[in-house]
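**Student:** from the sequence below, what's the structure:
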Amino acid sequence: MSDRRPDNAPSKIVQAGEFFELEAGQDVTDSPLYNEDIAPAKIEERSWNTWNVAALWVGMAICVPTYTLGGVLTAYFGLSVVEALLAIFLANVIVLIPLTLNAFPGTKYGIPFPVLLRSSFGLIGSNVPALVRALISCGWFGIQTMFGGMAIHLLFSALSSGWASLGNTGIVIGFFIFWTLNIYVVIRGANSIKLLETLAAPMLLAVGVGLIFWAAPQTDLSAVLNTPANRPEGASVWSYFFGGLTAMVGFWATLSLNIPDFSRYVKSQKDQIVGQIIGLPLTMLLFASLGVILTAASKTLVGETVADPISLIGKIDSPFWVVVSMIIIIIATISTNTAANIVSPTNDFQNVFPKLINSKRGTLLTGLVGILLMSWELLIKLGWVVSDVSVESMYSNWLLAYSSLLGPIAGIMIVDYFLVRKQELDLISLYKKGGVYPSFNPAGLIAFFVPVALTVLSMKVDGLSWFYSYGWFTGSALGGVIYYFAASQLGTGKLPAAESQEC
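**Tutor:** Numbering: from 1, shown residues only. Next up is the predicted model:
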């Protein structure tokens, strides 16, 4: 539905309670920076309550990568099981800070993530961080779609021996079936995502409880928790712990940036804050703990160590339970993938060319890039490429690497909105040139590229290796500090005194 004002009247901003809404006139709707899919959410569209937000996080947190986090920390970061679980919990408490803070402008003004970036990086400059975030999401989309393809393959294999004989080719076919399901949900819009997350959350919790009952009688929990750390004897725990902590912060560093894509539909600031607190840290801890316990118990349960739940459930000697479990895992992975990995790049790609790329085209572009980024794994599955690269080791290094890229963006966004802009944005100027926001904000670009350059340098210089190992923390702090002082010096501060919001 169009939000164009009648008779082509000039755009204006109206306020209703804590919300601001844009009534767009022709001056905005004709702007090359505007389309209706990235326009501010109308007040009547802001219907998500606390439990919708909590369900969103339950639906995103209960997924195969969360299940494997404990194993990644113990195998590649040298932590004990208890240290790994503590790192996961603390990381998700920490990431709640940028999540809730960056959600504020989305809730207040109804704007998505790339439009919010226009304040700190400029109307055109916003595409730099937005595309960085988009490519990371597309990578995650490909990974999750591969897991979903595996689940579809195991589901059909339990129903048909002919399908089971396809082997890895069946996984590749499952990949594209799952890809289609994800794209369909997102094209249908935000309400379909809200409905999916709300329905999926209790089902996912039920699967977790069921797996616990299945594994508990054959698991020595005290032995699992006392598993020694995989690091040199006598080595200090702290460097290993903080490296793992940084990687775990990186797991949701993506959403800590584009949370406005969802908070723009929330009823109030209280709903988004409480919903995120309820939905994220405890869910992540419980499902990661389940992964650690079931991986340790898998040797007893199925005769070999299995690190992901899809493969583990696939070995259950009961076609009925395999089918039921795979259906729920497919729903779980769709709920994660659509919300966490498709919505953001869909908006980010629109931000580049709003008049050429709408929500549907942005979604399809996200899907195509996701296929491209996973093409190597698809070719391996088909036997066309041979590779001995460890997915787990690549995964752990990737978490560190991209958290170093996203940290500065998080710091810049928070400092811009709360300290520089004092929680005041000009909605009209965010969507057209010639307003209070420049095409390129040098303060934001400097504050982003300096920490990124130091991160690259730290990978080459031994004395600076800590900057990379703790990349999200060092990057967000340095990016925020540089932006604050650069904005002060360059004059990209608060809105001019004469600028007013029509209410």
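
**Student:** in stretch 34-41, which residues are buried?
**Tutor:** Y34, N35, D37, I38, A39, P40, A41 (16 or more other CB atoms under 10 Å). C-beta here means a position set from N, CA and C on the backbone, and glycine is covered the same way.

**Student:** so the last one sits against K267, correct?
**Tutor:** To tie it back to what came earlier, the one meant is A41. No - using CB atoms under 8 Å, A41 makes no contact with K267, being 11.3 Å away.

**Student:** longest helix in this protein, by number of residues?
**Tutor:** helix 127-159 (DSSP state H).

**Student:** and that helix, average pLDDT?
**Tutor:** Across helix 127-159, pLDDT averages out at 89.

**Student:** could you number the chain from 163 rather than 1 from now on?
**Tutor:** With the count now opening at 163, the last piece we talked about shows up as helix 289-321.

**Student:** quick one: buried residues of that helix?
**Tutor:** 289-320.

**Student:** show the subsequent helix or strand relative to it.
**Tutor:** helix 323-326 (DSSP states H and E).

**Student:** quick revisit: in helices only, show me the buried residues of stretch 196-203.
**Tutor:** Using DSSP H, no member of the buried residues of stretch 196-203 sits in helices.

**Student:** can I get those in TSV with pLDDT?
**Tutor:** Converted to TSV, those look like this (pLDDT from 0 to 100):
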residue	pLDDT
Y196	95
N197	93
D199	93
I200	94
A201	95
P202	95
A203	94
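
**Student:** of the residues you listed, just say which sits nearest to V484.
**Tutor:** Closest approach between those and V484, by CB to CB: D199, at 39.6 Å.

**Student:** for the residue nearest to that closest one when sequence neighbours are not counted, what are its contacts?
**Tutor:** Once flanking residues are discounted, D199 sits nearest to S521: 3.9 Å by CB to CB, 6 or more residues apart in numbering. Contacts for S521 were tallied using CB atoms under 8 Å, 6 or more residues apart in numbering; they are D199, I349, G351, T508, N509, Q512.

**Student:** so V176 is in which element?
**Tutor:** Under the criterion of DSSP H and E, V176 resides in strand 174-178.

**Student:** okay, now the sheet partners of that strand, with direction.
**Tutor:** Here strand 174-178 is paired, per DSSP bridges, with strand 181-185 (antiparallel).

**Student:** so which bits of the partner strand are buried?
**Tutor:** Buried, per 16+ other CB under 10 Å, within strand 181-185: F181, F182, E183, L184, E185.

**Student:** can you lay out those residues as a markdown table showing distance to S384 and pLDDT?
**Tutor:** A markdown table is the format used below for the buried residues of strand 181-185 (distance: CB to CB, whole Å; pLDDT from 0 to 100):
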| residue | distance to S384 | pLDDT |
| --- | --- | --- |
| F181 | 52 | 90 |
| F182 | 55 | 93 |
| E183 | 56 | 92 |
| L184 | 58 | 92 |
| E185 | 63 | 91 |
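
**Student:** for the residue nearest to V547 when sequence neighbours are not counted, the count of nearby residues, please.
**Tutor:** Distance criterion CB to CB, 6+ apart; nearest residue to V547, sequence neighbours excluded, is L541 at 4.1 Å. Using other CB atoms under 10 Å, L541 is surrounded by 14 other residues.

**Student:** just T617 next, same as before
**Tutor:** Neighbours around T617, by other CB under 10 Å: 23.

**Student:** what sits against it?
**Tutor:** S566, L567, F629, Y630, G633, T636, G637.

**Student:** so where is the stretch 463-612 of the chain shaky, pLDDT-wise?
**Tutor:** By pLDDT under 70, the weakly predicted segments of the stretch 463-612 of the chain are 549-565.

**Student:** check the stretch 263-412 of the chain too.
**Tutor:** Using pLDDT under 70, the flagged stretches of the stretch 263-412 of the chain are 352, 359, 363, 366.

**Student:** swap in 90 and give it another go.
**Tutor:** Within the stretch 263-412 of the chain, the stretches with pLDDT under 90 are 297-306, 308-310, 312-313, 316, 320-321, 330, 346-412.

**Student:** which stretches of it form helices?
**Tutor:** Here the stretch 263-412 of the chain has its helices, by DSSP state H, counting those that start in this stretch, at 275-283, 289-321, 323-326, 330-349, 352-377, 383-387, 399-420.

**Student:** most tightly packed of these?
**Tutor:** Each of these was assessed for mean neighbour count using mean count of other CB atoms under 10 Å. The highest is helix 275-283, with a mean of 29.

**Student:** okay, the angle between that one and helix 399-420?
**Tutor:** 110 degrees (axes from the mean of the first three to the mean of the last three CA atoms, to 10 degrees).

**Student:** what residues does helix 275-283 touch?
**Tutor:** By CB under 8 Å, 6+ apart, helix 275-283 touches 195, 200, 202, 264, 267-268, 288-292, 295, 419-423, 506, 509-510, 512-513, 571, 574-575, 578-579, 582-583, 587, 592-593, 599, 602-603, 605-607, 610, 645.

**Student:** buried subset of those?
**Tutor:** 195, 200, 202, 264, 267-268, 288-292, 295, 419-423, 506, 509-510, 512-513, 571, 574-575, 578-579, 582-583, 587, 592-593, 599, 603, 605-607, 610, 645.

**Student:** what's downstream of the strand or helix carrying D189, the next helix or strand?
**Tutor:** With elements taken from DSSP H and E, the one containing D189 is helix 188-191. Following helix 188-191 in sequence order, the next helix or strand is helix 212-223 (DSSP H and E).

**Student:** in terms of secondary structure, what does the next helix or strand after that following helix contact?
**Tutor:** If you walk from helix 212-223 toward the C-terminus, the next helix or strand you reach (DSSP H and E) is helix 226-238. Using 3 or more CB pairs under 8 Å, 6 or more residues apart in numbering; DSSP states H and E as the contact test, the elements touching helix 226-238 are helix 243-271, helix 289-321, helix 399-420, helix 443-464, helix 471-476, helix 553-576.

**Student:** same thing but 6 Å
**Tutor:** Here helix 226-238 touches helix 243-271, helix 443-464, going by 3 or more CB pairs under 6 Å, 6 or more residues apart in numbering; DSSP states H and E.

**Student:** same question for the longest one: list its buried residues.
**Tutor:** The one in question is helix 243-271. Within helix 243-271, the residues that qualify as buried are 243, 245-254, 256-258, 260-271, counting by 16+ other CB under 10 Å.

**Student:** then stretch 440-459?
**Tutor:** Neighbour-count burial for stretch 440-459 [16+ other CB under 10 Å]: 440-459.

**Student:** next one: stretch 630-642
**Tutor:** Buried, per 16+ other CB under 10 Å, within stretch 630-642: Y630, S631, Y632, G633, W634, F635, T636, G637, S638, L640, G641, G642.

**Student:** residues in contact with F611?
**Tutor:** Taking CB atoms under 6 Å, 6 or more residues apart in numbering, we find F611 in contact with no residue.

**Student:** and it, what helix or strand is that in?
**Tutor:** Judged by DSSP H and E, F611 forms part of helix 604-620.

**Student:** and the next helix or strand past that helix?
**Tutor:** Once helix 604-620 ends, the next helix or strand along the chain (criterion: DSSP H and E) is helix 627-631.

**Student:** re the thing from before, run the chain-centre distance for the strand holding V176.
**Tutor:** Its chain's C-alpha centre and that of strand 174-178 lie 31 Å apart, by CA atoms, centre = their mean, to the nearest Å.

**Student:** output it as PDB, restricted to C-alpha atoms.
**Tutor:** Only the C-alpha atoms of strand 174-178 are listed here, as PDB (Å, rounded to 0.1, in the frame of the first residue of the first chain):
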ATOM      1  CA  LYS A 174       5.900  15.600   6.600                       C
ATOM      2  CA  ILE A 175       6.700  13.800   9.800                       C
ATOM      3  CA  VAL A 176       4.000  13.000  12.300                       C
ATOM      4  CA  GLN A 177       4.400  11.800  15.900                       C
ATOM      5  CA  ALA A 178       2.100   9.400  17.800                       C
END
